[in-house]
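Engineer: From the sequence below, what's the structure:
(one chain, ligands or ions: 1)
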Amino acid sequence: MPKKYRILIVDDERSNRKLLSELLSEEFDVVLAKNGSQVFQLLNGEQVIDLVLLDIMLPDMDGYEIIKRMKNNDNQKDIPVIFITVLDSAENEEKAFQLGAVDFITKPFHPSIVKLRVKNQINLIEQKQMLEEMAGIDGLTGINNRRSFDTIYQKEWQKILRYKDPLSLIMIDVDFFKNYNDFYGHGAGDAVLKEIAKAIKNQLNRPEDMVARYGGEEFVVVLPRTEKNGAMQKAEKIRKAVESLAITHEKSDCADVVTISLGGVTHEKEDGNPEAFLKQSDEMLYKAKSEGRNRVIWR
Ligand SMILES: [Mg+2]
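Structural biologist: Have a look, this model is predicted:
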């Protein structure tokens, strides 16, 4: 089933909210807000918002103020905003585009045209995701994605077989991340993943070392030509680097701050295969978790 995108409709008039939500709810998940404070409650909440349909005249803050604040927030600045307003002057439209709106629709609107313009923006989101995927980049963190990990890992495996070099692999999982998301909201959770990705990357100094986002809150590090001792030290440095980000985590059972568990393996013999090797690092990660988390376990 294709992904159902979620659209936030912002309008202080009930009839407009109703009309727009009826128009879009067949194809999209629709959430509604009638003022600015509700907008930010939703944007900072648990649900991912993919697109915002934004009225300009609202009781507490106007649409311009809302988009300005969104553009100043790392987790919200890339969410496309379409203005939908009775303010149809060129000045208003120009101001909206200058502030970063992707489209500007005036009221009264033609329902079918609103729908098409929303679909245009959703198509652009999909194209952007496809380009990132093809380029091997994880959209959220900017590091390698799973697909690019698969390619690089296979290549490194071929190399170590040929040159009989060691290869180390570290699987990483964020401790009690679901609790974090539930308590602080998905926006804060995304920000944590970005920080962690950066912290891991900062610990890798050689160009052939790589980190990828393996899944939701899982990362994987590949260290070619690295012996067990060196790799274990590197893993411990990564663990410390994340801990010393000192991101408060009230819902963690193993620390007061966000921490990670790490499972590692080093391939030093000629036998084995990349899939089994990957599985072993995952088993070490599982062990690190069952032994209390926030630690490195190495086979
Ligand atoms: Mg209004």
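
Engineer: Next, give phi and psi for residue 84.
Structural biologist: phi -140, psi 110 (degrees, to the nearest 10).

Engineer: so is the nearest residue to it once chain neighbours are set aside in a helix, a strand, or just coil?
Structural biologist: Distances taken as Cβ to Cβ, 6 or more residues apart in numbering place residue 105 nearest to residue 84, at 4.5 Å, with adjacent residues excluded. Bear in mind the C-beta positions are built from the backbone N, C-alpha and C, glycine included. Secondary structure, DSSP: H, G, I helix; E, B strand; the rest coil: residue 105 is strand.

Engineer: need the contact list for residue 105.
Structural biologist: Counting by Cβ atoms under 8 Å, 6 or more residues apart in numbering, residue 105 touches 82-85, 113-114, 117.

Engineer: name the element residue 37 belongs to?
Structural biologist: Following DSSP states H and E, one finds residue 37 within helix 36-43.

Engineer: Contacts only, for the closest residue to the ion within the stretch 151-299 of the chain.
Structural biologist: Taking Cβ to the ion as the measure, the stretch 151-299 of the chain has residue 187 as its residue closest to the ion, at 25.4 Å. Contact partners of residue 187, counting by Cβ under 8 Å, 6+ apart, are 43-45, 75-76.

Engineer: again, but for residue 180
Structural biologist: For residue 180, the contacting residues are 174, 188-189, 192, 249, 251-252, 258, by Cβ under 8 Å, 6+ apart.

Engineer: mind redoing it with 10 Å?
Structural biologist: 174, 186, 188-189, 192-193, 217, 247-252, 258 (Cβ atoms under 10 Å, 6 or more residues apart in numbering).

Engineer: in the strand or helix carrying it, what's buried?
Structural biologist: Assigned by DSSP H and E, residue 180 belongs to helix 177-184. For helix 177-184, a neighbour-count test (16 or more other Cβ atoms under 10 Å) marks 177, 180-181, 184 as buried.

Engineer: what's the closest of the residues you listed to residue 124?
Structural biologist: Proximity of the buried residues of helix 177-184 to residue 124 (Cβ to Cβ) peaks at residue 181, which lies at 27.0 Å.

Engineer: low pLDDT regions in the stretch 51-200 of the chain?
Structural biologist: For the stretch 51-200 of the chain, no stretch has pLDDT under 70.

Engineer: now the strands: where do they sit in it?
Structural biologist: Along the stretch 51-200 of the chain, counting by DSSP state E, counting those that start in this stretch, strands occupy 51-54, 81-85, 103-106, 167-174.

Engineer: Now do the helix holding residue 180 against strand 167-174, angle only.
Structural biologist: 30 degrees (axes from the mean of the first three to the mean of the last three Cα atoms, to 10 degrees).

Engineer: mind giving me the domain ranges of this structure?
Structural biologist: Under the assignment automatic domain parsing, the domains of the chain span 6-133, 146-298.

Engineer: Can you report how many residues neighbour residue 220?
Structural biologist: Here the count is done by other Cβ atoms under 10 Å, and residue 220 has 23 residues near it.
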